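[1] Predicted model and sequence follow; I will ask about them next.
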Amino acid sequence: MGNMDQVGHTLEDFAAKCHDFIKAEPGPAGRKKVCELLSKVLADEQFVARYVDPNKEERHILYQDPEFGFCILAHNYEGPKESSPHDHGPSWAIYGQARGETAMNDWSLLEKPTEQVAGKVKHVRTYKLTPGVAHLYNEGDLHSPSRAASTKLIRIEGTDMTKVKRMKFEAV
Ligand SMILES: [Fe+2]
């Protein structure tokens, strides 16, 4: 048996390890391990070529965990885009860069949103996600990605966010 880092990763193996990390530590500690492993699989050129490059959909579910509901997603984002500050409601998320570059912004909350009124947020910092970089956002961590050109990512959501109502935030 060789070192796992030196052999090709498969989606099945990656998903099973994520499951085990979340099962052992359901909070931020387990997600941090998922994030570190995602960084490793994104550095595996064969993994990216096999699971990320062929995907042409903006949001493609590669795997959903039957026990915990977390989703491993492949994203194909075309052209430049600037997104608004947001969190993932009751969920956490991990952004992993596979191709291209994301400029990620972090924001701090000044005023909570309500159903009627957007929350207010203040810019904290901007940093780059380049291929092989993965970043964890726990519940309530406010962020906004922007890109100058097309990108490909793997993201992991704590739950399928298409089923969750999103609140609005505005920068002040
Ligand atoms: Fe996000």
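    It's in.
[2] Can you report how many residues neighbour residue 80?
    11 (other Cβ atoms under 10 Å). (Glycine included, C-beta is placed from N, CA and C.)
[3] Dihedrals phi and psi, it?
    Dihedral angles of residue 80 (phi, psi; degrees, to the nearest 10) stand at phi -70, psi 150.
[4] Contact partners for it?
    Shown in contact with residue 80 (Cβ atoms under 8 Å, 6 or more residues apart in numbering): 146, 147, 148, 149.
[5] For residue 46, see how far away the nearest residue to residue 52 once chain neighbours are set aside is.
    Residue nearest to residue 52 in three dimensions, not counting chain neighbours: residue 98, with 4.5 Å by Cβ to Cβ, 6 or more residues apart in numbering. Computed as Cβ to Cβ, to the nearest Å, the residue 98 to residue 46 distance reads 12 Å.
[6] Neighbour count for the contacts of residue 80 - can I get that in a markdown table?
    Putting these into a markdown table (neighbours: other Cβ atoms under 10 Å) gives the following:
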| residue | neighbour count |
| --- | --- |
| 146 | 13 |
| 147 | 21 |
| 148 | 13 |
| 149 | 11 |
